[in-house]
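In: this one's sequence-less:
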């Protein structure tokens with residue numbers, strides 16, 4: 001398949017990968033719910049790799065679309081939210097960790113929508129945010145596989161990374177509103 005020929009198309013390989021991730025939330029949640037933890041963990045790894053893959057392909061081959069700007073984070077947020085909620089219900093993650101994830105994502109979403117409406121600028125993700133997501137995924141994986149000591153390390157480091165990335169998003173938000181430009 002020639003990826004360059006997909007430029008400008010709404011439905012490209014990256015958006016299809018995001019839709020597949022959205023669909024895989026259902027079996028992932030069910031597998032976790034019925035304690036098929038190793039299969040659920042394997043599916044989670046597959047979803048994480050597919051997320052990295054679609055992001056890489058979108059940037060490398062300029063396959064970024066307005067639909068993809070919605071689908072990719074939607075798939076990520078729904079996956080993390082639903083799987084984390086199950087892990088909280090099962091006592092594998094603390095409720096405050098899920099609350100922190102949801103609150104941070106909600107505030108960043110609201111800020112991003114506000115900034116775009118006011119200035120037309122879309123706030124990009126930042127490196128600490130990507131690190132936070134990786135650490136959240138690691139905490140979820142450790143919770144799925146009952147690695148409680150390692151899970152706690154990832155929970156606290158993910159929390160620190162979430163706070164740092166939120167502060168950096170806030171700095172970008174203020175910069176965009178003042179200057180109309182995004183700080184790198």
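Out: Done, it's in. Remember, it's a predicted structure, so these values are computed and weren't measured experimentally.

In: any idea which element residue 92 lies in?
Out: Counting by DSSP states H and E, there is no helix or strand that carries residue 92.

In: which residue ranges make up each domain of the chain?
Out: By the assignment in automatic domain parsing, the chain contains the domains 1-90, 94-184.

In: so where's this protein shaky on pLDDT?
Out: Residue ranges of the chain with pLDDT under 70: 1-8, 180-184.

In: report the central residue of it.
Out: residue 76 (3.9 Å; CA atoms, centre = their mean).

In: for residue 141, grab phi and psi.
Out: Backbone torsions of residue 141, given as degrees, to the nearest 10, read phi -60, psi -40.

In: count the residues that sit near it.
Out: Each residue near residue 141 was counted by other CB atoms under 10 Å, and the total is 20. All C-beta atoms are positioned from the backbone trio N, CA, C, and that covers glycine.

In: doesn't residue 41 make contact with it?
Out: Yes. Residue 141 lies in contact with residue 41 (CB atoms under 8 Å); the separation is 5.9 Å.

In: how about the helices in the protein?
Out: 13-33, 37-60, 66-89, 95-119, 127-144, 148-179 (DSSP state H).

In: just these: most buried one?
Out: Mean neighbour count (mean count of other CB atoms under 10 Å) peaks for helix 127-144 among the helices of the chain, with a mean of 21.

In: so how far is that one from its chain's centroid?
Out: Taking CA atoms, centre = their mean, to the nearest Å, the mean C-alpha location of helix 127-144 is offset from the chain mean by 9 Å.
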